[in-house]
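Colleague: how would this look folded up:
(2 chains)
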Amino acid sequence: MAENTAVKNESKEAQLAKASRMNMIRSILPVVGLVGIFLLFNILTGGGMVKSKNLLLSQVYVTVISAMGVFFIMTMGGLDFSQGSIMGMASIAVCMLSKYNIVLAILGGILTGAVIGAFNGFFYVNRKIKSFIVTICSMFLFRGVIKYLASDAPVAASMKVYDFDNMPFKLTLTLIVLVIGFVIFRFTKFGMYLKAIGAGEKAAMFAGIRTDRMKFLIYVLSGAITGLAAFLNVAKNGSATANAGNQLETQILIALVLGGMPISGGAKVRFSNIIVGSMLYVVLQNGLQMMGMSVQIQQLIQGVVFLVFVAIFADRQSLKVIK
Amino acid sequence: MSEVRLQVQNLCKTFGITKAVQNVSFNINKGEVHALIGENGSGKSTLTNMLTGIYSIDSGTFILDGKEIHPRNQVEANKEGVSIIVQELGTLDGLTVAENIFLGHEDMFVKFGIKNTNAMNRRATELLHQYGFDKIKASDPIENYNFEDRKLVEIVKATYFNPKIVVIDETTTALSQEGREELYKHMNRIRAEGNTVIFISHDLPEILDKSDTITILRDGVYIDTIKSADVDEDGLKKLMVGREVSGAYYRADYGEKISDEVVLSVKNVTVPGLIKNVNFDLHKGEILGFGGLSESGMHEIGKAIFGASYDREGSVTLADGTQINDIPTAIKHSIAYTSKDRDNESIVMNQSIGDNIVLPSLDDLANSAHLLSDKKLKEFANKFAVEMSVKMVNTDQFVSDLSGGNKQKVVLARWIGKDSDIVVLDSPTRGIDIKVKQDIYQLMDQMRKNGKSIIMISEELMELIGMCDRILIMKDGELNGELDRSPELNENLLISKMV
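Modeller: Modelled structure (predicted):
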């Protein structure tokens, strides 16, 4: 009998070892992918990618900052498709306010994002509508408002915003945002609560987490973060067009999934998913462009890569909890 | 000598590298209730799930009335004459009662490719009438009915076609006394008709009372098959555990005086549709029991105290005057709660053991800057997981892999870690094997001696009688009597107040 128990324990350990190997692969694969794709494109373009690293970096900032907010939302099992429209609305606010004062413009962008986030949060939490439905609705709703405001002519920003279109500023701001996000997510109860909600909302509530309040606040926070990123977007472009921020939501979603984020959130998310994923996405996109591929082929390849990564990282046990 | 109905031969099943069932062989006869017992993870459900086509068979055979069967799903199993009533909900939301009963067998009512819903409803109504469940309407959506009534629908679904074998997998633990009686009635009918019931339960007195033959499994290995008449409870325990289960099961003391100090007082608490105007006090160091039928409202009492009831009226007040109206306040003031619905409400399933244990204690574990250290969290989780002897490799293991008893230990470890003074346990031993049950009873006794106050809500009358200082009985949402601890208490006394 003792023999049997020993066999059972051993097999259990072997099983766990296997599971942790899988986890290892999952966490290493995105990094390996990033390095691999970077090297590949450098070879194919004769080192073109290294030469244009500033151009590459300049595209990462906005994606990586906005992706952090969506990362929080997805960790607790939600989705957000309204990020592009939030970016557009906040960019218009930044442009308009930049004529008065730059600090006011930054705050105005953040506030605009937070208000739209609160709009999402209200319908998601209080009216109990699934998050992807709510955010798809607000994506269209606010895209409509953007078109109304910016169709005739792009909303121009004050020339002063160009002062902030330099690498040291943008890099520093991005790093500060990421470090704050990392510390809060990793070393305070905030991150643990988010993961618990993603892994089992009802049980999280019974463990004393104010789940409804958390869910609402996360949407507000995510909106605010994207509102901040809108300033960097305006600094780069100098104006906000009717297409400002268009398809940002898809870029973020692809970036996070490329970074190894399980689409249902929960306990297996890692903060590094944001950074690795955003970089992987930008390298992939630019690489394809430098290769001289048409937009259609680029989208096709992106779609295939996206699908492969989702298939690898989907946590099939908890897929049903997407809210 | 009765005839053999089912031969189980050299059956094996592995999950990954875990051997869930190892080379099991035994026979089951016609016209008997054949109980299958063993601790959690002994392979009972794996075996019956293979028989009913839920799992595939790795190797070995089932021979039913001399013919080898390989059902690939439940519908095929039904066609072979095998059906199952599962432990949790086995009916599907979004379908009517009739559609649930005939799920997978709709062909009976299909003519020229069109389903005749009226004929299906008529047939279902006939069946429900036959079974005496006239309160259930065939055309109603199933979600109009509560857990108990849905189980009745499952009884119809699993038995209306006179299957040769009906598997009843730990169904009784989730049912009230009333529902159990209904189930026993049908078990007896099936046996009288010459068919076979395979009965899985953790409730040993129930097993001894209701079954003719008992097969014991341990760690996936066949141990023995015996006649119920030839064995007693202690004998069964010994066979299940593989050693003598020594020491007292329940607490042994009587006549201890309960402290006068009131730690929690519940005044005029009403939850619309569930409980009406409930008043009681909880004293320091007492175990206060709540008994009643499943629908008596007693499960809502636990939620009401914990601040988890929606729309609660009346007040729940602590000794210092604090009002408890929501869960975070309850936890902050040292109230703990374990739900009857363990997998949804007690435990965060897709998270590690460690995270589950530290979750309510994060505020206490954070430093002055509200920062948490991994090392501290890990030590904390490990300390209480070990204290509760959770069977695990380490605290990073996910709780979804654990057995029911181990999950309950994780929940208890969480609240012991929080050092809660008032502990509300709703059905703490539901679906849990005797070894863990004994651990939980000992823990409760220890907590009581340490001055903690416990509310135990349970459908198992014996554990209420065995553990509680006072038992409050609920009926139709109201308190219907109070019984003090005494060796003279018996189940009938409690039942008389429940119905």
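Colleague: next one: the residue nearest to the spatial centre of chain A from A:Val183, what distance?
Modeller: Nearest to the mean C-alpha position of chain A, counting by Cα atoms, centre = their mean, stands A:Ala67 at 1.9 Å. Using Cβ to Cβ, to the nearest Å, one gets 17 Å for the distance from A:Ala67 to A:Val183. (C-beta placed from N, C-alpha, C; glycine too.)
Colleague: so B:Ser389 touches B:Lys409, yeah?
Modeller: Yes - using Cβ atoms under 8 Å, B:Ser389 is in contact with B:Lys409, at 7.1 Å.
Colleague: looking at chain B, which residue ends up farthest from its center?
Modeller: Distance from the centre of chain B peaks at B:Phe112, with 44.3 Å (Cα atoms, centre = their mean).
Colleague: report the contact partners of that one.
Modeller: Shown here is B:Phe112, which makes no contacts under the criterion Cβ atoms under 8 Å, 6 or more residues apart in numbering or on different chains.
Colleague: quick one: B:Gly94 from A:Met96, how far?
Modeller: Looking at B:Gly94 against A:Met96, where the rule is Cβ to Cβ, the gap reads 49 Å.
Colleague: so between those two, which is more surrounded?
Modeller: Legend: neighbour count by other Cβ atoms under 10 Å in any protein chain shown for B:Gly94 and A:Met96, higher for A:Met96 (18 against 9).
Colleague: what about the more buried one, which helix or strand?
Modeller: According to DSSP states H and E, A:Met96 maps onto helix A:83-98.
Colleague: secondary structure element for B:Leu208?
Modeller: Counting by DSSP H and E, B:Leu208 is found in helix B:204-210.
Colleague: pLDDT on that helix, on average?
Modeller: Computed over helix B:204-210, the mean pLDDT rounds to 90.
Colleague: quick one: list the elements packing against that helix.
Modeller: Applying 3 or more Cβ pairs under 8 Å, 6 or more residues apart in numbering or on different chains; DSSP states H and E, one finds that helix B:204-210 contacts strand B:33-37, helix B:177-192, helix B:233-241.
Colleague: same thing but at 7 Å, please
Modeller: strand B:33-37, helix B:233-241 (3 or more Cβ pairs under 7 Å, 6 or more residues apart in numbering or on different chains; DSSP states H and E).
Colleague: what lies in contact with that helix?
Modeller: Applying Cβ atoms under 7 Å, 6 or more residues apart in numbering or on different chains, the external contacts of helix B:204-210 come out as B:33, B:35, B:37, B:172, B:184, B:187, B:199, B:201, B:214, B:228, B:233, B:236.
Colleague: buried ones in it?
Modeller: B:204, B:206-208, B:210 (16 or more other Cβ atoms under 10 Å in any protein chain shown).
Colleague: report the two of those residues separated the most.
Modeller: Pairwise distances across these peak at 11.0 Å for B:Leu204 and B:Lys210 (criterion: Cβ to Cβ).
Colleague: what pairs with the helix or strand where B:Asp224 lies, parallel or antiparallel?
Modeller: According to DSSP H and E, B:Asp224 maps onto strand B:221-227. If you go by DSSP bridges, strand B:221-227 pairs up with strand B:213-218 (antiparallel).
Colleague: off-centre distance for the strand it pairs with?
Modeller: In this view, strand B:213-218 has its centroid 20 Å away from the chain centroid, taken as Cα atoms, centre = their mean, to the nearest Å.
Colleague: quick check: angle from the strand holding B:Asp224 to helix B:233-241?
Modeller: 160 degrees (axes from the mean of the first three to the mean of the last three Cα atoms, to 10 degrees).
Colleague: give me the angle between strand B:221-227 and strand B:33-37.
Modeller: 140 degrees.
Colleague: give me the buried positions along strand B:221-227.
Modeller: Buried residues in strand B:221-227, defined by neighbour count with 16+ other Cβ under 10 Å: B:221-223, B:226.
Colleague: let's have these in CSV, adding pLDDT and distance to B:Ile331.
Modeller: Listed next are those as CSV, based on pLDDT from 0 to 100; distance: Cβ to Cβ, whole Å:
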residue, pLDDT, distance to B:Ile331
B:Val221, 88, 43
B:Tyr222, 92, 46
B:Ile223, 90, 43
B:Ile226, 92, 47
